[in-house]
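Trainee: Provide a 3D model corresponding to the input given below.
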Amino acid sequence: MRTTQESENWAVEFIRTDGEDQSVEDGFASRGDAEYYGQCTWSSPGGRGIEQVRVRQLPRGPWMPVAPASVCGGIRL
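Mentor: Numbers count the residues shown, from 1 in each chain. Sure, this is the predicted structure:
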């Protein structure tokens, strides 16, 4: 779920194994939503090459690591 004016704002950072392509997606309404998005992206075929996923509350929260998921959306990967 993406943010509204009254909601929190969380970001997900993807760190790739090559160290070059880091990307950040923001606008998540809760830590749980951000972690779920990060885990599902990491465990999908498009997540190959991702070494670490972290989340943080914007604007200045600390980055917190996310564990990889073996299940995403009720489907075991």
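
Trainee: grab the most central residue of this structure for me.
Mentor: Geometric centre of the chain, nearest residue: residue 38, 2.7 Å, by CA atoms, centre = their mean.

Trainee: can you tell me the SS state at it?
Mentor: When classified by DSSP: H, G, I helix; E, B strand; the rest coil, residue 38 comes out as helix.

Trainee: any idea how far it lies from residue 61?
Mentor: 15 Å (CB to CB, to the nearest Å). C-beta coordinates here come from the backbone N, C-alpha and C atoms, glycine included.

Trainee: helices of the chain, residue ranges please.
Mentor: 31-43 (DSSP state H).

Trainee: which residue is the nearest non-sequential neighbour of residue 56?
Mentor: Of all residues not flanking residue 56 in the chain, residue 63 sits nearest, at 4.8 Å (CB to CB, 6 or more residues apart in numbering).

Trainee: OK, contacts around residue 17?
Mentor: Shown in contact with residue 17 (CB atoms under 8 Å, 6 or more residues apart in numbering): 49, 50, 51.

Trainee: apply 7 Å and report the result again.
Mentor: Residue 17 sits next to 49, 51 when contact means CB atoms under 7 Å, 6 or more residues apart in numbering.

Trainee: do you know how far it is from residue 50?
Mentor: Taken as CB to CB, the span from residue 17 to residue 50 is 7 Å.

Trainee: surely the residue nearest to the centre of the chain is in contact with residue 52?
Mentor: No - between residue 38 and residue 52 there is no contact under CB atoms under 7 Å: 9.8 Å.

Trainee: how much space between the residue nearest to the centre of the chain and residue 16?
Mentor: Distance check for residue 38 against residue 16: by CB to CB, it reads 13 Å.

Trainee: please consider this matter closed, and thank you.
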